[in-house]
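# attaching a predicted model along with its sequence, questions to come.
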Amino acid sequence: MSVVILQDEIVHYEVLGRGRPLILLHGWVGSWRYWIPTMQAVSITFRAYSIDLWGFGDTAKEPSRYSINQQTSLLVDFLDKMGIAKVALVGHGLGALVALNFTVQHPEVVDRLMVISSPLGSEMVNARMRTANPTELADWLLGRVPAAESARMEVPKTDLQSITISLNELQELDILKLSMQLNTACLFVYGQNDPAITVPQYEVFTSLPERTHQIVLEQSGHFPMLDESSKFNRLLADFLSLPSGESPRQLQLKEEWKRRVR
Amino acid sequence: MAKILIAEDERDIRDLITFTLRFAGHDVVAAANGEEAVEKALKEKPDLVLMDVRMPRMTGYEACKKMKSEESIKHIPIIFLSAKGQDSEVTAGLDAGAVEYILKPFSPDQLTERVRTILKQYGK
């Protein structure tokens, strides 16, 4: 297990691969662990870091750090500690909001951003997200694929307050307005069958900056990286291989792809 | 879960296999060549060895023969990682004392499942 001390507290992360840095941020259900297949897929060309946010997995539990801004400051300090000056960010759910917030605050650091299963407003979040405990959320949202079982193992480590505090904060946060400020290549990814987060109407994205794009995986729920892992990994590989600064608007879903060891 | 020794000279592949098996719950020890693999097998006494055929300093075959000649570790099952289409490699590996081979390319999921099956066969 790899840990780093940030703000006098333990932050757990794992890393795989060599190459340009890529940071993976988990959502409200689970921990770093469900990024394992993604890390395996990209490790040939990227150094993929996956971090447990405050209150999740093996990172410290301290409710005063559970706001989206505090989670963002974890990312700021992590990049500083690792000496990372330019990064590709991939965030899911809560991690997507943190990544989005970070990108707006530090656009010079983020080369590209993938935002997965992120609400664009508090009304897009199913009320059950605020009332269920972490185990109930996992039972509701995680599928039955082997990687999901691995993610489920970590769920009991979650501090429920880390979920509720950030979800309550959503009511004050105008995510759409935040997205309007993006000047970084950004790909929004959703699962068509996500019961937790409503997929935004296509028209919403036409109002976003030029270098943003939306893709919906039709067979996925809240966890596209697990529900359709090969298709998701192919999309991520295509996004990461775009020239820096290029809009992702020409990206589309292609045949499935799987990393194989030669 | 088991203690597994990985011997693979290509760092990217070694790291990926180590990561994959570690987070499948195994205790993983890694070696970058055949000589180091023998040293670590003697020291760590793993439940299983996964070894590439073509490695510097000491090939997988030589390392396998060496392990099979050591009383304290000769019972450990050894599996070779062999390139698809290299039938001669597979035969030479089995002759050297390996019990199985896994053909490259393989996906991380396939590796995890194969290792699980093999460990079960050997009562681990």
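Here it is on my side, so go on.
# and the residue of chain B nearest chain A?
The minimum distance from chain B to chain A, using CB to the nearest CB, falls at residue B:105 (3.7 Å). All C-beta atoms are positioned from the backbone trio N, CA, C, and that covers glycine.
# can you list the residues that contact the host helix or strand of residue B:92?
Residue B:92 is part of helix B:87-96, with elements assigned from DSSP states H and E. The contact list for helix B:87-96 (CB atoms under 8 Å, 6 or more residues apart in numbering or on different chains) reads B:53, B:60-61, B:64-65, B:68, B:80, B:82-83, B:101.
# so, low pLDDT: which residues of the stretch 151-262 of chain A?
A:255-259, A:262 (pLDDT under 70).
# quick one, helices of chain A?
Here chain A has its helices, by DSSP state H, at A:36-42, A:68-82, A:94-105, A:128-131, A:134-141, A:146-154, A:160-170, A:175-180, A:202-206, A:224-227, A:229-240.
# and the fifth one, how far out from the chain middle?
The chain centre lies 18 Å from the centre of helix A:134-141; the measure is CA atoms, centre = their mean, to the nearest Å.
# in that helix, what's buried?
Buried residues in helix A:134-141, defined by neighbour count with 16 or more other CB atoms under 10 Å in any protein chain shown: A:134, A:137-138, A:140-141.
# what's the distance between the closest residue to residue A:6 other than its chain neighbours and chain B?
Nearest residue to residue A:6, sequence neighbours excluded (CB to CB, 6 or more residues apart in numbering or on different chains): residue A:77, at 4.4 Å. For residue A:77, the distance to chain B (CB to the nearest CB, to the nearest Å) stands at 25 Å.
# got a pLDDT number for residue A:77?
If you check residue A:77, the pLDDT there is 98.
# need the contact list for residue A:253.
Residue A:253 touches A:215, A:217, A:231, A:234-235, counting by CB under 8 Å, 6+ apart.
# so what's residue B:53 up against?
By CB under 8 Å, 6+ apart, the residues touching residue B:53 are B:59-61, B:80-83, B:86, B:89, B:92-93.
# what about the closest residue to it other than its chain neighbours, how many neighbours?
Among residues not flanking residue B:53 along the chain, residue B:60 sits closest, at 4.2 Å (CB to CB, 6+ apart). Look at residue B:60: counted by other CB atoms under 10 Å in any protein chain shown, it has 28 neighbours.
# kindly report the same for residue A:224.
Using other CB under 10 Å, residue A:224 is surrounded by 25 other residues.
# for burial, what's the neighbour tally of the residue nearest to residue A:25 when sequence neighbours are not counted?
Distance criterion CB to CB, 6+ apart; nearest residue to residue A:25, sequence neighbours excluded, is residue A:95 at 2.8 Å. Residue A:95: 29 surrounding residues under other CB under 10 Å.
# contact partners for residue A:95?
Each residue near residue A:95 by CB under 8 Å, 6+ apart is listed here: A:24-27, A:53.
# try it again at 6 Å.
By CB atoms under 6 Å, 6 or more residues apart in numbering or on different chains, the contact set of residue A:95 is A:25-27.
# what about stretch B:78-90, how long is it end to end?
One end of stretch B:78-90 to the other measures 12 Å (CA to CA, to the nearest Å).
# average pLDDT across it?
Stretch B:78-90 comes out at a mean pLDDT of 79.
# could you do stretch B:53-67 as well?
Here stretch B:53-67 scores 91 as its mean pLDDT.
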